[in-house]
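>>> for reference, the sequence and a predicted model appear below.
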Amino acid sequence: MAVSGGIDSVALLRLLLELRAELGIVLSVVHFNHRLRGTESDADQEFVANLARDHDLEFHTDSDDVAAQAAEEHISVEAAARELRYGFFRYLLGEESSPDDRRAAINKVVTGHTLDDQAETVLLRLIRGTGLKGLGGIHPRILVDDDAEPASGEIVRPLLGTRRRELEQYLRELNQPWRDDASNASAKFTRNRLRQLVLPLLEREFNPAVAENLAELSEIARGEEDYWENEIAGWLGTTVHWSEPDWSRGLSSGSGAPPSLVQIQPHNSQLRDRLQEFSPLVMNASISRVWLLAEPVAVQRRLVKAIGDHAGIPLEFKHVEEILRFAEDGESGKELSLPLGWKFKREPEGLVFVTPDLRTQERIPQDYEYELPVPGRATVPEAGVLIEALRITPESQAPGYNPQHLLDPELLHGELKVRNWRPGDRFWPAHTKSLKKIKELLQERRIAQPERRLWPVIANGHEIVWVRGFLAPAKLRAKSGQDAILIRETPLTESPAS
């Protein structure tokens, strides 16, 4: 189970220790050090390690520079912390013990999220703007898989129905200490302000059960969303008709293959790869106008949004509403412009989402490749960056370099090349359990086209050793006290430090 040292996770550990014989479980302790509070973070880790040792439990730990990761990816500290923490969880769930390893295989990671966490999440999403899916809040369980069946494990939150104050009372009765995270009192974090100001005000002035009501709302929303997702799956397979766009028909193989991605002849394989990587779906989508407008508005919105998600069109609520108004009031033959060059066309009896012509030079980014000497630099105008490979000596590593970004020069053979990723490229970032397609990694980060297609990587022979925004592979990480290689990128509008 994951233990941070705070009230919720320590209480969860003590509860599971009481119940482990009844549940038939083998417990171990997992801790991720975010390194956000210096010696206090290290003290948290030591506290959790002692707690595991006191109860004779196996202890798994890892750490990372969350602040540096947040700055590098241009995301919030909270988002970076969650990304790295859950990457570590998934890594543990994906580990397989060898026959000689006496450790029990980890198939569940249990976290101490409480009803208070759920209420804060739902209220925060309401304030920022969300739909029914967002109102689902924190899910009680998340299946974790590696493209295999069955799933390799799950992350479970058994305390989502329990208030934090109840856990505090439980620990006091046990005389069990815990650690208080000083950052939880900082008003610079939005969630903290919500916890300290907004929820107490709502409980005091409007409804003392507001937290419980918000948690109930999340449970209702998850049930509703499950129903709609089943309905969507049926619509996409029956009500929506997929067809090749006019511009692709001259490239069709005529093989009679079922419609999925556009079929392109073998001699056009390079174009085929670019089209398939550029867009999740290169197909027009059409629906009956009479049928759609006869359905309730909830169905109309869901179907339009589902088509957009399936085809890779980033439709916001305003786009969906504009599409529905155009479907009802627009003239036949007229077109509505959508994001990423898509069009929405009204016909006498149908409504068609028309894919952009991806053959055009403007819409298919060209591949690039540049040599990267060590030490040295490569200018990459396609990505708007200058990428440097620096040799770092042991004396210069301590002050300012994250060791998880340093590569071992002894493990790199031959020349380095900076290029955009290609179909089939795979990468193994630290804290993940296996190689993964770079396409999937970028989709998970929600990197939009055309930036995604031009995303820079560094290849050493046939192996990808660096991808912008991801930690270096654990197997290539430089050893402490030895020379290392640091890959650094600088926007072309800035001058790199000498």
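Great, that's in hand.

>>> now the strands for the stretch 251-400 of the chain?
Using DSSP state E, counting those that start in this stretch, the strands of the stretch 251-400 of the chain run over 284-288, 335-337, 343-346, 350-354, 369-372, 376-380, 385-392.

>>> neighbouring strands of the first one in the sheet, and parallel or not?
Using DSSP bridges, strand 284-288 pairs in its sheet with strand 241-243 (antiparallel), strand 350-354 (antiparallel).

>>> just the third one next, same as before
Taking DSSP bridges as the criterion, strand 343-346 pairs within the sheet with strand 335-337 (antiparallel), strand 350-354 (antiparallel).

>>> before we move on, the earlier item: out of the strands of the stretch 251-400 of the chain, flag the one nearest G414.
strand 369-372 (11.0 Å; C-beta to C-beta). Backbone N, C-alpha and C define where each C-beta goes, glycine included.

>>> name the helices or strands packed onto the closest one?
strand 376-380, strand 416-420 (3 or more C-beta pairs under 8 Å, 6 or more residues apart in numbering; DSSP states H and E).

>>> partner strands of that strand and their direction?
Strand 369-372 is paired, per DSSP bridges, with strand 416-420 (antiparallel).

>>> what's in contact with the strand it pairs with?
Here strand 416-420 makes contact (C-beta atoms under 8 Å, 6 or more residues apart in numbering) with 365, 367-374, 378, 380, 382-383, 387, 389, 453-460, 465.

>>> domains of the chain?
7-222, 239-354, 369-491 (automatic domain parsing).

>>> could you tell me the least trusted of those?
Set side by side, the domains of the chain give their lowest mean pLDDT on domain 239-354, at a mean of 75.

>>> what's the span of it from first residue to last?
17 Å (C-alpha to C-alpha, to the nearest Å).

>>> how about stretch 460-470?
Terminal-residue distance, stretch 460-470 (C-alpha to C-alpha): 17 Å.

>>> if we go by neighbour counts, what in that stretch is buried?
By neighbour count on 16 or more other C-beta atoms under 10 Å, the buried set for stretch 460-470 is 460, 463-470.

>>> circling back to that earlier point, will you turn the domains of the chain into a markdown table that also has distance to M1?
Converted to a markdown table, these look like this (distance: least, C-beta to C-beta, whole Å):
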| stretch | distance to M1 |
| --- | --- |
| domain 7-222 | 4 |
| domain 239-354 | 34 |
| domain 369-491 | 18 |
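
>>> so which of those domains is nearest W228?
domain 239-354 (5.9 Å).

>>> residue furthest from the geometric center of this structure?
Within the chain, the residue lying farthest from the chain centre (C-alpha atoms, centre = their mean) is P348, at 41.2 Å.

>>> name all residues that make contact with it.
P348 neighbours (C-beta under 8 Å, 6+ apart): S332.

>>> at 10 Å instead, please
289, 332-333 (C-beta atoms under 10 Å, 6 or more residues apart in numbering).

>>> do I313 as well
279-281, 285, 304-305, 307, 319, 338-342, 344, 353, 355.

>>> make it 7 Å
Neighbouring residues of I313 by C-beta atoms under 7 Å, 6 or more residues apart in numbering: 338-340, 342.

>>> any idea how far it is from A430?
Separation of I313 from A430 (C-beta to C-beta, to the nearest Å) stands at 33 Å.

>>> next: L292.
47 Å.

>>> give me the number of residues near the closest residue to W242 other than its chain neighbours?
Using C-beta to C-beta, 6 or more residues apart in numbering and skipping the chain neighbours, the partner closest in space to W242 is M283 (4.5 Å). A total of 22 residues lie near M283 under the criterion other C-beta atoms under 10 Å.

>>> my read: M283 touches S243, true?
Yes: using C-beta atoms under 7 Å, M283 is in contact with S243, at 6.5 Å.

>>> surely S4 forms part of a helix?
No: checked against DSSP: H, G, I helix; E, B strand; the rest coil, S4 lies outside a helix; its state is coil.

>>> in JSON lines: the strands paired with strand 343-346, plus mean neighbour count and distance to R85.
JSON lines is the format used below for the strands paired with strand 343-346 (neighbours: other C-beta atoms under 10 Å; distance: least, C-beta to C-beta, whole Å):
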{"stretch": "strand 335-337", "mean neighbour count": "14", "distance to R85": "41"}
{"stretch": "strand 350-354", "mean neighbour count": "21", "distance to R85": "38"}
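
>>> relative to I155, which of the ones you listed is closest?
Using C-beta to C-beta, the strands paired with strand 343-346 put strand 350-354 closest to I155, at 35.6 Å.

>>> hmm, who's touching the closest one?
245, 284-289, 292, 307, 311, 327, 342-345.

>>> give me that answer again for 6 Å
With contacts defined as C-beta atoms under 6 Å, 6 or more residues apart in numbering, strand 350-354 is touched by 284-287, 289, 307, 327, 343-345.
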